[in-house]
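K.L.:
Just to be clear, the model below is a prediction. Sequence and coordinates:
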Amino acid sequence: MNDPLGLINSGGSLKPLGPLGDIASRPQKAHDPDAPGFKDVLMKNLAEVNKLQQDATTAIEDLQTGKRDDLETVLAATAKADNAFRMLLQVRNKVMDAYEEIKQIRV
C-alpha cells in the first residue's frame, strides 16, 4: 500500500507526532532571496484586478456609445473582472481572518 503522507513507518504503525506534528522532521527548503514577497504578489494582483475592472468599464462604455457591437466580448470582460474581484475579496477575507486569529494569541 502506498503512503502519500508518510505517516506509516516500515512496521505498519503510525509515527508518533511531536508538538509541532510532522513539521519539525521535514527537510526545510532554502528561501530564495529573489522570490517576490507577499506584499509584491498582492500588489501585482491588485493592479491586475484594477486593470480588468477598467477594461470591463471601457467595454461597457464602448457598447453603450456604439463603438463596439460584440455583446459577447463585453459580457466576457465583465464576468472576468467580476470573478477576479470576488477572488481578491476572498483573499482579503482570509488575510483578515488570519490577522484576527493572530491578535487572539496571548504572549
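P.N.:
Here it is on my side, so go on. Keep in mind that what you see is a predicted model, and the values were worked out from it rather than measured.

K.L.:
and the residue lying closest to residue 52 once chain neighbours are set aside, how many residues sit next to it?
P.N.:
For residue 52, ignoring the flanking residues on the chain, the nearest one in space by Cβ to Cβ, 6 or more residues apart in numbering is residue 81 at 4.1 Å. Backbone N, C-alpha and C define where each C-beta goes, glycine included. Counted by other Cβ atoms under 10 Å, the residues lying close to residue 81 total 20.

K.L.:
what about the host helix or strand of residue 81, average pLDDT?
P.N.:
Element membership for residue 81, per DSSP states H and E: helix 71-103. The average pLDDT for helix 71-103 rounds to 95.

K.L.:
Count the neighbours of residue 74 for me.
P.N.:
Using other Cβ under 10 Å: residue 74 sits among 19 other residues.

K.L.:
any idea how far the closest residue in space to it that isn't next to it in sequence lies from residue 53?
P.N.:
Sequence neighbours aside, residue 59 is the residue nearest to residue 74 in space, at 4.5 Å (criterion: Cβ to Cβ, 6+ apart). According to Cβ to Cβ, to the nearest Å, residue 59 and residue 53 sit 11 Å apart.

K.L.:
So between those two, which is more surrounded?
P.N.:
residue 59 (21 against 17).

K.L.:
Can you tell me whether I have it right that that one is in a helix?
P.N.:
Yes - with DSSP: H, G, I helix; E, B strand; the rest coil as the criterion, residue 59 is part of a helix.

K.L.:
Just to check, it is in contact with residue 78?
P.N.:
Yes - with contacts counted by Cβ atoms under 8 Å, residue 59 reaches residue 78, the gap being 7.2 Å.

K.L.:
ok, the spatially closest residue to residue 48 that is not a sequence neighbour - how many residues close by?
P.N.:
Counting by Cβ to Cβ, 6+ apart, residue 84 is the residue found nearest to residue 48 once chain neighbours are left out, at 7.1 Å. Here the count is done by other Cβ under 10 Å, and residue 84 has 18 residues near it.
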